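Undergrad: Provide a 3D model corresponding to the input given below.
(chains A and B)
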Amino acid sequence: MTLLMETDRSLPLVQLGISAYSGAVLDPQGKEGLTRLMTRLMRRTGDGLGPEVLDERFDTLGSAMSSDVSITSSGFSGSVISASLNAFVKLAQGVLCRPSFDSSELERLQRETIDEIRELKDSDRSLARMWYRTAFFGAHPYGRSVLGTEQTLSAISPDDIRAHYARTIVRDNLLLAVAGDADELRVKELEAALFDALPAGPKPESQVPAPVSLPGRRLLVVDKPERTQTQIVIGTMGSHPSDPDHTALVVGNTIFGGTFTARLMQEVRAKRGWSYGASSSVPFDRQRQSFSMWTFPQASDAAACVRLQLDLLRTWVNEGVSAEELSWAKRYLIRSNVFNLDTAAKRMSLLVDERIYDLPANYYAEYPARVEAVTLDEVNAAIRKRISLEDVLITVVGTEANIGNDLRGAVDGLSEYRVVPFDADPVSPW
Amino acid sequence: MTSSSTEQSTKMISRKPATLPSGVQALGRIPFGPKLGIDLYQLQNGLRVLLLEDHAAPVIAYHTWFRVGSRNEREGKTGIAHLFEHLMFNETTSSPKGEFDRKLEEAGAESNASTWLDFTQYNISAPSESLDLVIGLESDRMQHLVLREPQVASEKEVVANERRYRVEDDVEGAVSELLWATAFKEHPYKWPTIGWMQDILGFTTADCEAFYRTYYSPDNASVILVGDFEPASVLQKIQNAYGQIAASGRLPDAIVAEPEQAAERVVEIRKPTMNEKLNIGYHSPPLAHADTGALNLLCEVMAGGRASRLHRKLVRELEIASEVRLSLGPFRDPGLLEVYATAREEHNADELLKAIDLEFEKLSTEEIAPQELERARARFELGLLHGLENAEGKASTIGFFECLLAEPNAAFTRLEALRSVTVSDLQRVARRYLDKKRRSVILVRISEEAAEQDGAEDSDDEEGDA
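TA: Modelled structure (predicted):
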């Protein structure tokens, strides 16, 4: 078990994270949602106690503990008033090391999760992100849902949960991170208490292949009734820290859509008032993720907004950024980095990310120097190389009857057009 | 193991200015938790300045809180406080449009703002070496804002789109707006802070100028500075930047009181939602009232986390709800204690209402266990600590209570007061405020078009399980 620690005694508060180096990527096909179901069930059945008893004990200590699952990692995060740290760790140990996996609680959790999935469709923003991800990555693990579906959740048995637990909750697959009002000696004692109670075992292999972009310009409309507005996500493949031009692309994105005064926000919101928000990002996982833009104009402006965004993208790729913009972006990124480090919990989070995403040691500590070293040619070359103008996915949540025709007319060179109902199973439409 | 430490964060370096700048009055120092303190000052024009030194990180949080919100608006002009908040990021006589944000971003700073019923606040988080820039920009827009028609027109469109996002196409936002419009018939809390759509689209530049002249004056504002700064010089800088701004004098504050509600109000609406929902509003006391502590704890006992009474009953035992929330509005005037619940598939809002009523009735017939009260207090304290982790959180907490109660350290004094709240206090406030005659109920049904489209599912990831 890896231990990371950041001390800060200014508040009587300790924050803890217990992370596995594997996430929903290990869910077997047809049993998607297994990792999330397992971690939530652990949280509800630690030491054979029921969720009400566990929650009452966590609450009364002045603490909270929740489960976190992504494609790449899974685990728990918690916070506790420092005077209750020892008692909190005893409860957390029960959750991590001695869950009962009560079968009636599993059935209840399956029912709750199915309902949770249903309710997420109330959120147009969630729908847009969910369908974009599915349509962009298709069968690649990054395209799957961490929550699973009604069908896959129903297929998960208590034996599946126990087998997955035995495979993933082992010493070498776990990382303990502690931030806040706790000294090193005490934290090492707590780590030893957790470590001794865990079984030994190898870290399960959870690498995934690099995803690839689908060819062509594709438009997907998620049809939902009575929409006055649209949610639009437009993107293409991005980059990864192991790409030599990743930092240059991050700097370029800062100019394009990374801040309030970036090009996208200025053109969409400040000049035209079309959308309350307009931004772009270059996220990554252990592999490249998708570069994407997000806006939410009213239905009557949706087609014009898509056309404008594609124009802005083309200008960014073909003409690049200026020396003046680069100079400004570097100052912004380097100076604002202090807000990635201003609390112990944030500093701890960066250290955890370095491990979870297999980043080089000191990746974040050296980030300002990498930004400073980027040249104008490198930024413009990175944008040209990484951002495709041909392979672009446009996902729009809205009322198709009102927006479909205009949207199709707004995308030059459109190769595919699909419409899906908002409450359908999110499977790749291509 | 990787380890680092910020031990210096425990020390508060207190170097109060040896002599106060001319025109600045010291109002004293009050504790802010066990380790920190707030120094209070006032300029001659009435601007209150609150300083909290905290050298935990090389950053500052600079807040400006104006004592104006949607409660100060009138019929036909709803939403102007919020629209104006947007316009404050535009040009001034010495700074062209876009310059405010561009300069701050170049300095590595983040700025934002928010408007609610009782206040409008502007916040900037910046590296500590940018403090002079921040003081200059904030004081400039308090006195030299330029309002022009193109910017006002464009910002009206932005706000209209914000309203579509938060209300028109958002079930919970739309339901909340309807609840307050149902519960309040006279008091300005009856309209939403974002304003009615027709009012947003109807504002003129003259409306905005009048609002600016009336409410954006130093005697209607407090500046809160938290973080890594040098107190010996900062007061002089603030006096230099703000000291010449004229006070507005007497500010209008003629608010119509809400008449006592005499009978329950029930409204049904249809929305394109997957499941039925329920929103209830009970008239509740203002933030300054002594009962708010007990009511906050009552909310925790009833719906704070999975061990709470309503969660146990509605979500686990009956399985008729997927979530139940209670919240007490923290407002200057009497507001609402809200209940929000979502029905599970195959269940409906009427079942939720019936079950919630039964649980509320038990409060008058069954004892609240001391452990329930302890659990509620601990949850409340943890929530407070989470809000104070960085300079921004501290400034927000101070600014909120300064603006609403003129008690900048009220987060801690109110936490202390919670220690003396008893189970009988909780039962007393339950009897007093959870009165069916004084509540409004919104029942959300599934619209026919949405009901026709019903299928299987999927979703995004990683919600916590707490």
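Undergrad: interface residues of the stretch 101-250 of chain A facing chain B?
TA: Where proximity means Cβ under 8 Å from any Cβ of the partner chain, the interface of the stretch 101-250 of chain A facing chain B comprises A:108, A:111-112, A:114-122, A:124, A:126, A:129-130, A:133-134, A:145-151, A:184, A:188, A:224-229. No exception for glycine: its C-beta is placed from N, CA and C like everyone else's.
Undergrad: list the contacts of the closest residue to B:Pro334 other than its chain neighbours.
TA: Leaving aside its sequence neighbours, B:Pro334 sits nearest to B:Pro286 (Cβ to Cβ, 6 or more residues apart in numbering or on different chains; 5.4 Å). For B:Pro286, the set of contacting residues under the criterion of Cβ atoms under 8 Å, 6 or more residues apart in numbering or on different chains consists of B:Thr292, B:Phe331, B:Arg332, B:Asp333, B:Pro334, B:Gly335.
Undergrad: return the subset of the residues you listed lying in helices.
TA: For these, membership in helices holds for B:Thr292, with DSSP state H as the criterion.
Undergrad: from the contacts of B:Pro286, which is closest to chain A?
TA: B:Thr292 (20.9 Å; Cβ to the nearest Cβ).
Undergrad: just the pLDDT for residue 101.
TA: You didn't say which chain, so I picked chain A. Reading off the confidence values, A:Phe101 has pLDDT 97.
Undergrad: actually, chain B is the one I wanted.
TA: We note a pLDDT of 96 for B:Asp101 in this prediction.
Undergrad: strands of the chain, residue ranges please.
TA: Since no chain was named, I'll use chain A. Taking DSSP state E, the strands of chain A run over residues A:2-7, A:13-20, A:63-69, A:74-81, A:174-180, A:217-223, A:231-237, A:278-281, A:290-295, A:392-398, A:414-421.
Undergrad: chain B, not that one
TA: Applying DSSP E to chain B gives strands spanning B:2-5, B:24-32, B:36-43, B:48-53, B:59-66, B:110-115, B:120-127, B:221-227, B:265-271, B:277-284, B:321-328, B:335-343, B:439-446.
Undergrad: so what does the closest residue to B:Lys436 other than its chain neighbours look like in phi/psi?
TA: In space, B:Lys436 comes closest to B:Glu264 once its chain neighbours are excluded; the distance is 5.3 Å by Cβ to Cβ, 6+ apart. Its backbone dihedrals place B:Glu264 at phi -60, psi 140, with angles given as degrees, to the nearest 10.
Undergrad: what's the neighbour count on the closest residue to A:Asp59 other than its chain neighbours?
TA: Spatial nearest neighbour of A:Asp59, chain neighbours left out: B:Arg375 (4.5 Å); criterion: Cβ to Cβ, 6+ apart. Residues contacting B:Arg375 under the criterion other Cβ atoms under 10 Å in any protein chain shown number 26.
Undergrad: same deal with A:Ala424?
TA: Each residue near A:Ala424 was counted by other Cβ under 10 Å, and the total is 17.
Undergrad: from chain B, how far out is it?
TA: Computed as Cβ to the nearest Cβ, to the nearest Å, the A:Ala424 to chain B distance reads 5 Å.
Undergrad: quick one: pLDDT of residue 5?
TA: Answering for chain A, as no chain was given. pLDDT, A:Met5: 91.
Undergrad: if you could check chain B rather than the one you did, that'd help
TA: Reading off the confidence values, B:Ser5 has pLDDT 39.
Undergrad: same check on A:Asp425?
TA: 81.
Undergrad: again with B:Leu145
TA: 97.
Undergrad: what's the closest non-adjacent residue to it?
TA: The shortest distance from B:Leu145 to any residue other than its chain neighbours is 5.5 Å, reached at B:Thr92 (Cβ to Cβ, 6+ apart).
Undergrad: was I right to think that neighbour contacts B:Ser139?
TA: No. Using Cβ atoms under 8 Å as the test, B:Thr92 is too far from B:Ser139 to be in contact (10.2 Å).
Undergrad: neighbour count: the two, which is higher?
TA: When neighbours are counted by other Cβ under 10 Å, B:Thr92 and B:Ser139 differ, and B:Ser139 comes out ahead with 22 against 18.
Undergrad: and that one, how far is that from chain A?
TA: Counting by Cβ to the nearest Cβ, the gap from B:Ser139 to chain A is 21 Å.
Undergrad: cool, B:Leu314 as well?
TA: B:Leu314 sits 12 Å away from chain A when distances are taken as Cβ to the nearest Cβ.
Undergrad: burial of residue 324, as a residue count?
TA: Let's take chain A. Using other Cβ under 10 Å as the criterion, the residues surrounding A:Glu324 number 10.
Undergrad: to clarify, I was referring to chain B.
TA: One way to gauge burial is a neighbour count; for B:Val324, by other Cβ under 10 Å, it gives 25.
Undergrad: now swap in A:Leu3 and tell me
TA: The tally of other residues near A:Leu3 (other Cβ under 10 Å) stands at 20.
Undergrad: chain B versus that one, what's the distance?
TA: From A:Leu3 to chain B the distance is 5 Å (Cβ to the nearest Cβ).
Undergrad: show me what that residue bridges to in the sheet.
TA: Beta-bridge pairing of A:Leu3, defined through DSSP bridges, involves A:Leu176.
Undergrad: surely it is in contact with A:Glu191?
TA: Yes. Under the contact definition of Cβ under 8 Å, A:Leu3 touches A:Glu191, with a separation of 4.9 Å.
Undergrad: okay, now the unreliable bits of the stretch 251-400 of chain B?
TA: When residues are selected by pLDDT under 70, none of them lie in the stretch 251-400 of chain B.
Undergrad: what residues does it put near chain A?
TA: B:272-275, B:304-307, B:312, B:315-316, B:319, B:322, B:342, B:344-345, B:371, B:374-375, B:378-379, B:381-382, B:385-386, B:388-391.
Undergrad: show me what contacts the residue most central in space within chain B?
TA: Per Cα atoms, centre = their mean, the C-alpha nearest to the average position across chain B is that of B:Trp116, at 6.2 Å. Remark: with contacts taken as Cβ under 8 Å, 6+ apart, B:Trp116 is in contact with B:Gly69, B:Ser70, B:Thr193.
Undergrad: most neighbours among those, which one is it?
TA: B:Gly69 (26 neighbours).
Undergrad: run through the residues that contact the residue in the stretch 1-150 of chain B that chain A sits nearest to.
TA: Per Cβ to the nearest Cβ, B:Gly108 is where the stretch 1-150 of chain B lies closest to chain A, at 2.5 Å. With contacts defined as Cβ under 8 Å, 6+ apart, the neighbours of B:Gly108 are A:Arg331, A:Tyr332, A:Ile334, A:Arg335, A:Ser336, A:Asn337, A:Val338, A:Phe339, B:Ala126, B:Pro127, B:Ser130.
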